[in-house]
Every structure is written in C-alpha cells, then in structure tokens.
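Participant: build me a structure from this.
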Amino acid sequence: MEIVRCVRGDIKHSGINQVDVAYAAIAISHSGCRREDLALFDEPDFARAGQTHQMTTSYSIAVYRHVAPILLAGAVLAGCATAPAARHGADTQPLQRLDVVQVAPETDVLTSALAAEFALADADLEAASRDYAKAAQISDDPAIAAQATRVAIAARQWDQARATLARWQGLNPGNMEIRQAHALLDMHDGKADAAYDDLLQLARATDGNGWRLIAQALLRAEDKTQAGTLLERLATPGLLGTKGEVWVAVSQLAQRLGRKPLAQSLADQAVNKFASADTYTWAAQLKLEAGDRIGARALFADALRHDEENTRLRVAYATLLGELGDNAEAARILAQGPQDAYVYAARAAYAARSNDKALIEPLYRELKGLPEPRPGARLDLLGELAELLERKIEALAWYRQVPADDEHSFEAQMRSAVLLDDSGKSAEALALVHELQARAGDDVKQLGDVFLLEAELHSKHQHDDTALAVYDRGLKALPDDTRLLYARALLNDDLDHVDAAVRDLRRVVELKPDDADALNALGYTLADRTEQKTEALSLIQKALTLKPGEPAIIDSLGWAQYRLGHLDEAVTQLKVAYQKQPDAEIAAHLGEVLWVSGHHDEARKIWDQGQKKDAKNKVLLDTIKRLES
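Facilitator: Reported below is the predicted structural model:
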C-alpha cells in the first residue's frame, strides 16, 4: 500500500445615491466572466513560472461617483406614489406633469461605463474599449481613464489606448502604472529605447511594486524577443536591489521569456548573495530542467549545510529526490531537523514508496512515542505504518481509535474493512462497507469510494458477477461516475468482455476527453484486444502529448507499435518505458517483443528482472508460459 494523500471595487457611496447603487448592482451581476486578455495589470504569480495568469474581472463601481444624480428623480416619483393625503383645504388636484431633465447619452458617464461593463460581460472587448473611451473623455475621474486604458490595450485598440492614457496622465500624473502603459504602447510601436526609459523608472521605484509592473508589461508584450532584450538591459544588480525574492522572481521572468542564460546567472548570483531556501530551490530547479540532476542535488546539499533546520528547504530537497526516484534518501532527509504533522506524513510516503522497512520501523516507533492525546491524523498514519510493517492487528486497533467526527474517520474505516477481509472476516468487512455507504449520503466522492471498495472485495474472492453487479448499482446511484466506469471496464477486460470494456472506456473518454489515463486505457485495450490498432495508436499518442514522459503511456505506445508489426519502434519505446519504470508488466511487454525479434537471451534477462520485482505478476507469468512452452 502506498500512502498518498471578480476583482470587485467597493461602492464608494460618496456622490452616488441609492438609485445609482441599484444600477451599479446590475453592472456587478453582469460582469463575472473570465478573460485572460484583461489580465494585463493583474499581479503575476512568480512562484509558478510558466503558467498563464488569469483574473476574474469586474470593474470598480467607484468610477461612477462623479455622475450627476439625475436618477434621483426616480426616487422622487416613488416618493410621490406613497405621499400622505393632502391636508384639509389644500389643492387636491393630482400632479399633472413632472419635468425631468434628460441627459444626452453621449454626455452620460454612467451610461457609457455600464455599456462597457455589459460589453465585457459579452466578451466584446472592442465595444467595451469604445464605451470606456467615451466615459473617460467626459469624466474627471482618473479611475475611469485608467480602466479605459487597460481595456483598450487588452483589446489592442491602440489609438484609443493612447487617447485614454493621455487623459489618465492628465488627471493623475504621478501614478506608476502610467509608466507601464507607456512602455506597452512603446513596445507595440517598436520604440525599444522609449520603453526602456519607462521601465527603468519602474525598476527604480522604492515601493517594491516596480518589478511587478515590469514583469506584467514584458509578459504581455507582443514581441517576446524585444521583451527579453529589455529585460537583459534592466536586470542589473543595482536595479534588482537587496531582496532575494526579487532576484528569484526576475530569474523566473527571464526563464519565461526564453532567456535561459540570464535566468541561470541571476539564480546563481542570488544563491551567492542571499543563500536562502527560495534561492537554492529555484537554482536547483533550473539545474534539473537543464538535465543536471547531479548539480541540482549538490545545490540542495550545500543549502542544507548552511541551514539544516530549515523545514521548507528539506521538503523541497525531498521533493526533488522523490522526482529522481530516490525515495529512501528523501525520507532520510526529512528525518533530519524539526518534525511536524506534514513532515511525518511525507516521511511515511517516501518510506512507503521505497518499501524500506528500515525507514518505516523507526518512524513508527517515533510516532508511537509522541505525547498523547493523539489527533486523528496521527492515529490514521500509525495505522498505515502498521500495515506497511504487516502488523494488521495493530493497524486495525489504531484505525478504530480515530474519532467518528474526525476528518480521517472515513479513510480509517475503509482501511478497517480491507483488514477485516484480509483476516477472513469477509461478512464483517462487507457489513462495515454497507454501513459506510449509508453514512456517505450525498457525498459523491465517499459514496463512489465505497462502491469501488465493495466491488474490489468481491473481485478478490473471484465473485466477479457480484462485483459487476456492485458497479452497476453504483452507476445507478452515480450515473457517469468515471471512476466506476473505468473500474468496471478493467474488470470486464479481465473477464474477456471486451465490447463492454471498450464501451465503458469510450464513455469515460467522452466525459473526460483530455484525460491522459483514460485515453491511454482505451488505446491500450483497442491495441491489445481488437483490430482497431490505428485508432489505438492515435489515442495513445494524444495521451502522451498530455502526459509527456509517462512510463505507462510509453509502454502502451510500444505495445501498439508491436501489435501493428513495427518491431524496431516497439523495442525502442518499450526500452524507454522500462528504463523509466522497470516493473513486471513492462518487463513482460519488452521481453515479448525481444523474443519475437529473435533476442531470446535478452528477453529472458528482462523477464528475470521483472520476476524479482513481482514474482506473482499474472501478465508476466502468462507471457513467459505462452512463449517458452
């Protein structure tokens, strides 16, 4: 068992009457769409270099605060409708006429701004830009001019952007974002030196906001080569200052703009200047991306020598080691230094993946020795560790101590059902499963988990028809649950119900067309069990595009090539898959293709290695028996 575990401005009531607010509320209710093009001035998340930045946008109702209260007349009329009866002797003639001064739409800021809002809600950037430009020209509010400039640039309405930017600058000349907007327009016009001058002023800002604005501008630039060149000119020690996080952020920006030498240089300098966990982690990540695993490990090792008590650094190093497949070393690194609930759980996960009882046993003793009371998370982890040490009675005892109202209770009860079944108490295990089904109620995730477990318990005892009936019952309760469809497909495939298996897998792909695992499963099944091998290859190739480097998908690709008769290509792909993940099933596939290609000794060697990994693997045993008999 593996342990796995719309920027809305507040209404500024000054200058807006209740009717204005009501109209503003309408604007809010119609402005919640997501539009990446309007992320221009959104703060980038430097900690996630390489990802697209989006914002949920809704524009500040404060832009309407200078609107004349012409709609107050509506409130006057409402008041007239409920006026008290006239005093005796007064003229009781009803109101014949009420003259309300109408404002021409072309001079009404509120009308133009609301029209822009509705256009944004419809993702019509061109119309939004036009209407905001109108509002900006007739309003003295710099917030309207600023928003009009942002929308115009996002919509690539450059003439409007220049006009609204001039208006913005006239109303609020000291705003630093104006420099950013100027730089964007200069870059669009090919005026690199002018853009540099504006960005330079931002880099010199002392409020810590300058580099954020620079990053946004360069990432939004149409010409990334020009943007990279500007960054090369700006990223000097004097301008980067004395904060390690700024150096890391600008290094990440350089990486995103394709300036890898600059990114590496800044990362190395940051390590030398600051020697912080963040600088070491980013420099190591760059080494890893460049294929220098030894260099990445050396950086982390050096970092820990400087700051061996730093938990974040140890966790980052352990993550790297886990990605490199050295789970045992990851667990050992985490065992050093301060411990908390997260570190204990991570140690357990890495120790479990390494299947090293010499790491699991001391962790188990350490957790047992911690002072009571034991929280639910610790009790659950103790149960899992006891299972890994094959102490099933102890594990069951730990799971039973998890309080019923604890968030780990459901998981502990699920594991308890498995342990009861393992100990020969199948009826008790199924009774607990049915109790969990009743408890799950409308929790879709938990209910699906329980159906999956019940079917698995029946399959374990070769009660395959009963297991299929459980899946059917589960899918009646949870129609189109992809986990249940997938599991039923795998069981049907094992039972040679190929058509039923393919039907369920096709449904999973319909529901999740970009799910690499579903595409791979369908592709592999078609390649292995049907004559639809060309479609199978296409599905697997799409899966590999979505999950590059995934060993299971590369194995499927090799197997599909084999089934198409492309032996050389099949051997190439299967060797790659086996090198990445030398498990028994991939060994069976690679060995078969080598055997059919005439390389019997090499095939036997691969099979022997696979049997050392999993001597009972059915696919491997069946392959050897079929080919050597």
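Participant: only C-alpha atoms for contact and neighbour calcs from this point on.
Facilitator: OK.
Participant: for G441, which non-adjacent residue is closest in space?
Facilitator: L447 (7.2 Å; CA to CA, 6 or more residues apart in numbering).
Participant: what comes up buried for the helix or strand harbouring the one you found?
Facilitator: Taking DSSP states H and E as the definition, one finds L447 inside helix 444-460. For helix 444-460, burial by neighbour count (16 or more other CA atoms under 10 Å) applies to 446-459.
Participant: for stretch 353-365, same thing?
Facilitator: For stretch 353-365, the neighbour count (16+ other CA under 10 Å) marks R353, S354, N355, D356, L359, I360, L363, Y364 as buried.
Participant: out of those residues, list just those in helices.
Facilitator: Using DSSP state H, the members of those that fall in helices are R353, S354, L359, I360, L363, Y364.
Participant: using JSON lines, lay out these together with distance to I178.
Facilitator: Formatted as JSON lines, these follow (distance: CA to CA, whole Å):
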{"residue": "R353", "distance to I178": "53"}
{"residue": "S354", "distance to I178": "55"}
{"residue": "L359", "distance to I178": "58"}
{"residue": "I360", "distance to I178": "59"}
{"residue": "L363", "distance to I178": "57"}
{"residue": "Y364", "distance to I178": "59"}
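Participant: format those residues as CSV; extra columns: pLDDT and distance to G258.
Facilitator: CSV is the format used below for these (pLDDT from 0 to 100; distance: CA to CA, whole Å):
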residue, pLDDT, distance to G258
R353, 91, 36
S354, 90, 37
L359, 94, 42
I360, 95, 43
L363, 96, 44
Y364, 96, 47
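Participant: can you list the low-confidence ranges for the stretch 1-150 of the chain?
Facilitator: The stretch 1-150 of the chain contains residues with pLDDT under 70 at 1-107.
Participant: nearest spatial neighbour of K368, skipping sequence neighbours?
Facilitator: Of all residues not flanking K368 in the chain, L382 sits nearest, at 7.5 Å (CA to CA, 6+ apart).
Participant: just the buried positions in the helix or strand containing D568, please.
Facilitator: Using DSSP H and E, the element containing D568 is helix 567-580. Within helix 567-580, the residues scored as buried using 16+ other CA under 10 Å are L567, E569, A570, V571, Q573, L574, K575, V576, A577, Y578.
Participant: go through those and name the one nearest G424.
Facilitator: Of all these, Y578 has the smallest distance to G424: 36.9 Å, by CA to CA.
Participant: contacting residues for the closest one?
Facilitator: Shown in contact with Y578 (CA atoms under 8 Å, 6 or more residues apart in numbering): P551, D555, I586, A587, L590.
Participant: what about the first one, how many neighbours?
Facilitator: Here the number of neighbours of P551 (other CA atoms under 10 Å) works out to 21.
Participant: right, and V343 touches L334 too?
Facilitator: Yes - the criterion here is CA atoms under 8 Å, and V343 meets it with L334 at 6.6 Å.
Participant: can you say which helix or strand has the residue nearest to A560 when sequence neighbours are not counted in it?
Facilitator: Distance criterion CA to CA, 6+ apart; nearest residue to A560, sequence neighbours excluded, is A527 at 5.4 Å. A527 belongs to helix 516-529 when assigned by DSSP H and E.
Participant: output the buried residues of helix 444-460 as a markdown table; include the columns pLDDT and distance to N175.
Facilitator: Compiled in a markdown table, the buried residues of helix 444-460 are given as follows (pLDDT from 0 to 100; distance: CA to CA, whole Å):
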| residue | pLDDT | distance to N175 |
| --- | --- | --- |
| Q446 | 95 | 52 |
| L447 | 96 | 55 |
| G448 | 96 | 54 |
| D449 | 96 | 55 |
| V450 | 97 | 58 |
| F451 | 97 | 60 |
| L452 | 97 | 59 |
| L453 | 97 | 60 |
| E454 | 97 | 63 |
| A455 | 97 | 64 |
| E456 | 97 | 64 |
| L457 | 97 | 66 |
| H458 | 97 | 69 |
| S459 | 96 | 68 |
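Participant: closest to V109 out of the residues you listed?
Facilitator: Closest to V109, out of all of those and judged by CA to CA, is Q446, at 52.9 Å.
Participant: measure that closest one to G208 for me?
Facilitator: Distance, Q446 to G208, by CA to CA, to the nearest Å: 46 Å.
Participant: lowest-pLDDT helix or strand in the chain?
Facilitator: helix 18-29 (a mean of 28; mean pLDDT, DSSP states H and E).
Participant: tell me the phi and psi of H408?
Facilitator: Here the main-chain torsion angles of H408 (degrees, to the nearest 10) amount to phi -90, psi 0.
Participant: show me the contacts for the closest residue in space to K224 that isn't next to it in sequence.
Facilitator: Leaving aside its sequence neighbours, K224 sits nearest to L257 (CA to CA, 6+ apart; 6.4 Å). Residues in contact with L257, defined by CA under 8 Å, 6+ apart, are L219, K224, T225, A227, G228.
Participant: what helix or strand does the last one sit in?
Facilitator: Read it as G228. Going by DSSP H and E, G228 is part of helix 224-234.
Participant: give the buried residues for that helix.
Facilitator: By neighbour count on 16+ other CA under 10 Å, the buried set for helix 224-234 is Q226, A227, G228, L230, L231, L234.
Participant: tally of neighbours for N209?
Facilitator: Neighbour count for N209, taken as other CA under 10 Å: 15.
Participant: tell me how far it lies from A235.
Facilitator: 15 Å.
Participant: same thing with V596?
Facilitator: From V596 across to A235, the span is 58 Å (CA to CA).
Participant: repeat for G598
Facilitator: Counting by CA to CA, the gap from G598 to A235 is 59 Å.
Participant: so those two - more neighbours on which side?
Facilitator: When G598 is set against A235 and neighbours are counted by other CA under 10 Å, the residue ahead is A235, at 18 against 11.
Participant: V250 is in contact with that one, correct?
Facilitator: Yes - judged on CA under 8 Å, A235 makes contact with V250 at a distance of 7.4 Å.
Participant: now render the contacts of L257 as JSON lines, adding pLDDT.
Facilitator: Below are those laid out as JSON lines (pLDDT from 0 to 100):
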{"residue": "L219", "pLDDT": "95"}
{"residue": "K224", "pLDDT": "94"}
{"residue": "T225", "pLDDT": "95"}
{"residue": "A227", "pLDDT": "96"}
{"residue": "G228", "pLDDT": "96"}
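Participant: among those, which pair sits farthest apart?
Facilitator: L219 and T225 (11.0 Å).
Participant: so what touches stretch 225-238?
Facilitator: Where contact means CA under 8 Å, 6+ apart, the residues beyond stretch 225-238 that reach it are 187, 192, 196, 199-200, 203, 218-219, 221, 250, 254, 257-259, 262.
Participant: hmm, try it at 10 Å
Facilitator: 187-188, 190-193, 195-197, 199-200, 203-204, 211, 214-215, 217-221, 224, 240, 247, 250-251, 253-259, 262-263, 266, 269-270 (CA atoms under 10 Å, 6 or more residues apart in numbering).
Participant: send the alpha carbons of the helix or strand encompassing W282 over as CSV?
Facilitator: For W282, the element it lies in under DSSP H and E is helix 277-289. Output of helix 277-289 as CSV, limited to C-alpha atoms (Å, rounded to 0.1, in the frame of the first residue of the first chain):
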residue,chain,number,x,y,z
ALA,A,277,15.8,28.4,0.9
ASP,A,278,14.0,30.1,-2.1
THR,A,279,17.2,31.0,-3.9
TYR,A,280,18.6,27.5,-3.5
THR,A,281,15.3,25.8,-4.5
TRP,A,282,14.9,27.9,-7.7
ALA,A,283,18.6,27.4,-8.7
ALA,A,284,18.2,23.7,-8.2
GLN,A,285,15.0,23.6,-10.3
LEU,A,286,16.9,25.3,-13.2
LYS,A,287,19.6,22.7,-12.9
LEU,A,288,17.0,20.0,-13.0
GLU,A,289,15.2,21.5,-16.0
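Participant: which parts of whichever helix or strand comes after that helix are buried?
Facilitator: Where DSSP H and E defines the elements, the next helix or strand beyond helix 277-289 is helix 293-306. By neighbour count with 16+ other CA under 10 Å, helix 293-306 contains the buried residues R293, G295, A296, R297, L299, F300, A301, A303, L304.
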